[in-house]
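Q: With the input below, show me the fold.
(2 chains)
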Protein chains: 2
Amino acid sequence: MEQTVQNLEETYKSILRTFLNRKSEQGLYEAQQFSKVLLEHQISPEELVSIHRAVIEELYPSVPVEIVDSLDLLLEVMMGYGLAYREHQSLRDRQI
Amino acid sequence: MEQTVQNLEETYKSILRTFLNRKSEQGLYEAQQFSKVLLEHQISPEELVSIHRAVIEELYPSVPVEIVDSLDLLLEVMMGYGLAYREHQSLRDRQI
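A: Numbering: from 1, shown residues only, chains lettered A, B, ... in the order given. Down below sits the predicted model:
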């Protein structure tokens, strides 16, 4: 299954709608499945924050600018985890 | 340096204020340093999202509920990365 960043945003938007409308088991299940897709496509955690930011801006255009900007800080801090995650992948690849 | 979750929230709140007031190099530098502290303390990426959520709720109590709830979805999806990250740590520990 080929997923572009655009596709991922659309998928995340759809999951977010399900999640917000009825915070059900279904929403959590979809979140877990989406997490697997992201990891399979080696999407970094900071890219996930970037997808989240884009979807929030699209769904809630009137959201205060500080809230959107705060996601940029979350993205920056998450970059450290992205580095650790890529280190994990290269470590794992060397073990195979 | 011992950091409780409460301390981490206070530190993140202070960094967020710096970051939002003047989106300067200083804000980015503090973000990178904070990222290192979190990794040293083995704080998972979903815990970082949880800290972000708590700080946003505290600084912006009038933020729409959907925006706060959307961070719960981000947290759920981020859990997959937390698992991968812990796998990385156990892999690394076995190699030492």
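Q: Now name the helix or strand holding the residue sitting nearest the centre point of chain A.
A: Centroid-nearest residue in chain A: residue A:48, 2.5 Å away (criterion: CA atoms, centre = their mean). In this assignment (DSSP states H and E), residue A:48 forms part of helix A:45-59.
Q: What residues sit buried inside that helix?
A: Neighbour-count burial for helix A:45-59 flags A:45-56 (criterion: 16 or more other CB atoms under 10 Å in any protein chain shown). Bear in mind the C-beta positions are built from the backbone N, C-alpha and C, glycine included.
Q: One more: stretch A:67-80?
A: So for stretch A:67-80, counting by 16+ other CB under 10 Å, buried means A:67, A:70-80.
Q: Kindly reformat those as a markdown table and extend each row with pLDDT.
A: As requested, the buried residues of stretch A:67-80 are arranged in a markdown table below (pLDDT from 0 to 100):
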| residue | pLDDT |
| --- | --- |
| A:67 | 95 |
| A:70 | 96 |
| A:71 | 97 |
| A:72 | 95 |
| A:73 | 96 |
| A:74 | 97 |
| A:75 | 97 |
| A:76 | 95 |
| A:77 | 96 |
| A:78 | 96 |
| A:79 | 95 |
| A:80 | 92 |
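Q: The helix or strand encompassing residue A:11 near chain B at all?
A: Using DSSP H and E, residue A:11 falls within helix A:5-21. Yes: residues of helix A:5-21 contacting chain B under CB under 8 Å from any CB of the partner chain: A:12, A:15-16, A:19-20.
Q: relative to helix A:45-59, how tilted is that helix?
A: On the basis of axes from the mean of the first three to the mean of the last three CA atoms, to 10 degrees, helix A:5-21 is oriented at 70 degrees to helix A:45-59.
Q: longest helix anywhere in chain A?
A: helix A:65-95 (DSSP state H).
Q: Which other helices and strands does the helix holding residue A:11 contact?
A: Contacts defined by 3 or more CB pairs under 8 Å, 6 or more residues apart in numbering or on different chains; DSSP states H and E place helix A:5-21 against helix A:25-40, helix A:45-59, helix B:65-95.
Q: Return the alpha-carbon coordinates of that helix using PDB.
A: Output in PDB follows, covering the C-alpha atoms of helix A:5-21 (Å, rounded to 0.1, in the frame of the first residue of the first chain):
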ATOM      1  CA  VAL A   5       2.100  12.400   3.100                       C
ATOM      2  CA  GLN A   6      -1.100  13.800   1.600                       C
ATOM      3  CA  ASN A   7      -2.800  10.400   1.900                       C
ATOM      4  CA  LEU A   8      -1.500  10.100   5.500                       C
ATOM      5  CA  GLU A   9      -3.000  13.500   6.300                       C
ATOM      6  CA  GLU A  10      -6.400  12.400   4.800                       C
ATOM      7  CA  THR A  11      -6.300   9.200   6.800                       C
ATOM      8  CA  TYR A  12      -5.400  11.000  10.000                       C
ATOM      9  CA  LYS A  13      -8.100  13.600   9.400                       C
ATOM     10  CA  SER A  14     -10.700  10.800   9.000                       C
ATOM     11  CA  ILE A  15      -9.500   9.000  12.200                       C
ATOM     12  CA  LEU A  16      -9.500  12.300  14.100                       C
ATOM     13  CA  ARG A  17     -13.200  12.900  13.100                       C
ATOM     14  CA  THR A  18     -14.100   9.400  14.200                       C
ATOM     15  CA  PHE A  19     -12.200   9.900  17.500                       C
ATOM     16  CA  LEU A  20     -13.800  13.300  18.300                       C
ATOM     17  CA  ASN A  21     -17.300  12.400  17.300                       C
END
